[in-house]
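**Student:** Below is the sequence, then the predicted model.
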Amino acid sequence: MVEAILFASGEALSLADIAKRLPDGADVKALMETLTAQYDNRGVHLSKAGGRYRFVTDPSVAHVLTEERTQTRKLSRAAMETLAIIAYHQPCTRADIEDVRGVAVSKGSIDQLLEIGWVRLAGRRKDAPGRPVLYGTTRGFLEHFDLSGIGDLPGMADLKAAGLLDANLPPGFSIPTPRANDGEEDHADEPDDGDPKEFVQDFHEDMPDDAPSDAPSDAPNDELGDPPSDVTDADSAQGHIDGVGFEDDEQNV
């Protein structure tokens, strides 16, 4: 009876709670001690916490009960724009990205792309004050978008033909020709084993606290505001990158 009471309750019960459901004169404490000993070496234990009893699974079999789920999330528009700029302008600095977008690049956009594995730290620009960090795309980026090289990124004519660029583009609007060397320039210092953490720290320290964010604070949960699980960019399959049409269309790319 005690087993049935505990199983059906769905919550921990005290000795008094159990006694109410048993015949008068039942030695509830002795019954609980007996049950605890019986379940000691089983997959389910009788646990006592705060004077209340309940059945719990044995921690040693937790791995059998764990269910792994893959949640597909979409990149935010800001992250897609940042990725497109890096792909076409690499190797480029955060300042280069901000010049194209016209707004400050948030820490989240770069961090997301680094974690996904589509963007890498490509060294430092030696000919600029402070030797800022350079960003470029990775082999994983090429594999995801089915590109043999950066030079295979679609040009303006390709994007127009796919209907991904507005026919009424601002005067002077252009798309740079992707560099075939994947951003490995002579003026970039390649990071050594100790550089990546330093680079990320530099990025966070250089970011002003009052800088405008490039992603709204009330962005929906299905956009990558937090580190993603598995990320797919289904919306960009037709033209590889639908973030090429930037929010700030007045800016020259």
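**Tutor:** Cool, got the structure. Numbering: from 1, shown residues only.
**Student:** does L121 really touch T137, like I thought?
**Tutor:** No. Between L121 and T137 there is no contact under C-beta atoms under 8 Å: 11.6 Å. Every residue, glycine included, has its C-beta placed from N, CA and C.
**Student:** Those two: which is more packed in?
**Tutor:** T137 (27 against 22; other C-beta atoms under 10 Å).
**Student:** pLDDT wise, what is the more buried one at?
**Tutor:** pLDDT recorded at T137 is 92.
**Student:** same thing with E115?
**Tutor:** On pLDDT, E115 comes in at 90.
**Student:** which SSE is it in?
**Tutor:** Secondary structure assigned from DSSP states H and E places E115 in helix 107-116.
**Student:** tell me the angle the very next helix or strand once past that helix makes with helix 107-116.
**Tutor:** Next along the chain after helix 107-116, taking DSSP H and E as the criterion, comes strand 119-124. Angle of strand 119-124 versus helix 107-116, following axes from the mean of the first three to the mean of the last three C-alpha atoms, to 10 degrees, is 100 degrees.
**Student:** what mean pLDDT does strand 119-124 have?
**Tutor:** On average, strand 119-124 scores 90.
**Student:** elements contacting it?
**Tutor:** Judged by 3 or more C-beta pairs under 8 Å, 6 or more residues apart in numbering; DSSP states H and E, strand 119-124 is in contact with helix 107-116, strand 133-137, helix 195-206.
**Student:** Just the CA coordinates for that strand, please, in CSV.
**Tutor:** Output of strand 119-124 as CSV, limited to C-alpha atoms (Å, rounded to 0.1, in the frame of the first residue of the first chain):
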residue,chain,number,x,y,z
VAL,A,119,33.9,32.6,-38.9
ARG,A,120,37.5,32.5,-37.7
LEU,A,121,40.1,34.8,-36.3
ALA,A,122,42.3,35.5,-39.3
GLY,A,123,45.1,37.4,-37.5
ARG,A,124,45.7,41.1,-37.0
